[in-house]
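Asker: Please find the sequence and the predicted model below.
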Amino acid sequence: TPPTTIPIGTPLTNKHTYILDTHLNPTPIGTTGEIYLAGHGLAHGYLHQPTTTATRFIPNPYGPPGTRLYRTGDLAHWTPNGTIHYTGRTDTQTKIRGFRIEPAEVETALLEHPEIAQAAVHTHPDRHGTARLAVYVVLTPAATATPQDLRGWARTRLPEHMVPSYVTVMDRLPLTANGKLDRAALPEPTTTATDGRTPRTPLETTL
């Protein structure tokens, strides 16, 4: 099985690497955050690009006054042995119900299921136009899990806002000529969320 994250080593001498959440707090081991760089050799900014410089080179709350952090846009997490594992880019993030979600993080969790051979997470609007997470999976040959089973299993591994609303089982994932996932060729989701209960009163039925 190919690795779901890429080990990229440790910081060089006199360099500092921080993996921070959206509030610039350090993330725990195993939790994905954005990579920020600091230390000797860090540039002062982008040449003749003050706006980009202001958004990428920010004051360093963990260093001496006047030093800066460089926001890379790369996502990663620390491992217990101090190695950094790359997991994706912030520009691939999507927003679901006010939460920023990295699809690769959801895919990594789903691939821990013994009957899922491949997984691709995409966003799809529901009938009200609200963005929902949709997962497309290729199962192992002897798999018996249903889409409902997979959603239930995902609930034991992921926060509620990261649990896919749609689960579609496919024979294979569509690929481009370069061998990358062809998101434009993904079909309409076939299985939607079945959580909740039936209406108990006429008012609930109307709602």
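Answerer: Arrived safely. Predicted model only: the values in this text are computed from it and were never measured.

Asker: ok, the closest residue to residue 61 other than its chain neighbours to residue 45 distance?
Answerer: Leaving aside its sequence neighbours, residue 61 sits nearest to residue 24 (Cβ to Cβ, 6 or more residues apart in numbering; 6.2 Å). Using the backbone N, CA and C atoms, a C-beta is placed for each residue, glycine as well. The gap separating residue 24 from residue 45 is 19 Å, by Cβ to Cβ, to the nearest Å.

Asker: Residue 85 too?
Answerer: Distance from residue 85 to residue 45, by Cβ to Cβ: 29 Å.

Asker: mind listing the helices in this protein by residue range?
Answerer: Along the chain, the segments classed as helices by DSSP state H run 50-56, 103-110, 147-155, 202-206.

Asker: Need those helices in TSV (columns: distance to residue 19 and mean pLDDT).
Answerer: Listed next are the helices of the chain as TSV, based on distance: least, Cβ to Cβ, whole Å; pLDDT from 0 to 100:
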stretch	distance to residue 19	mean pLDDT
helix 50-56	16	91
helix 103-110	13	86
helix 147-155	24	92
helix 202-206	45	81
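
Asker: Just name the most buried of those helices.
Answerer: Of these, the one with the most neighbours on average (mean count of other Cβ atoms under 10 Å) is helix 103-110, at a mean of 21.

Asker: Point out the other helices and strands that that helix packs with.
Answerer: Packing contacts for helix 103-110, counted by 3 or more Cβ pairs under 8 Å, 6 or more residues apart in numbering; DSSP states H and E, involve strand 84-89, strand 116-125, strand 131-139, helix 147-155.

Asker: Quick one: distance of that helix to the chain centre.
Answerer: 6 Å (Cα atoms, centre = their mean, to the nearest Å).

Asker: and that helix with strand 131-139, angle?
Answerer: When axes from the mean of the first three to the mean of the last three Cα atoms, to 10 degrees is applied, the directions of helix 103-110 and strand 131-139 differ by 40 degrees.

Asker: where in the chain is pLDDT low?
Answerer: 1-5, 91-93, 191-199 (pLDDT under 70).

Asker: distance of the residue nearest to residue 61 from residue 89?
Answerer: Taking Cβ to Cβ, one finds residue 24 at 19 Å from residue 89.

Asker: Kindly report the same for residue 135.
Answerer: Distance from residue 135 to residue 89, by Cβ to Cβ: 20 Å.

Asker: between the two, which one's more packed in?
Answerer: Neighbours were counted for residue 135 and for residue 89 using other Cβ atoms under 10 Å; residue 135 has more, 26 against 14.

Asker: Confirm for me that the more buried one is in contact with residue 106.
Answerer: Yes. With contacts counted by Cβ atoms under 8 Å, residue 135 reaches residue 106, the gap being 7.1 Å.

Asker: Mind listing the shared neighbours of those two?
Answerer: 121, 164 (Cβ atoms under 8 Å, 6 or more residues apart in numbering).

Asker: picking that back up, neighbour count winner among residue 85 and residue 45?
Answerer: Between residue 85 and residue 45, residue 85 has the larger neighbour count (other Cβ under 10 Å), namely 20 against 15.
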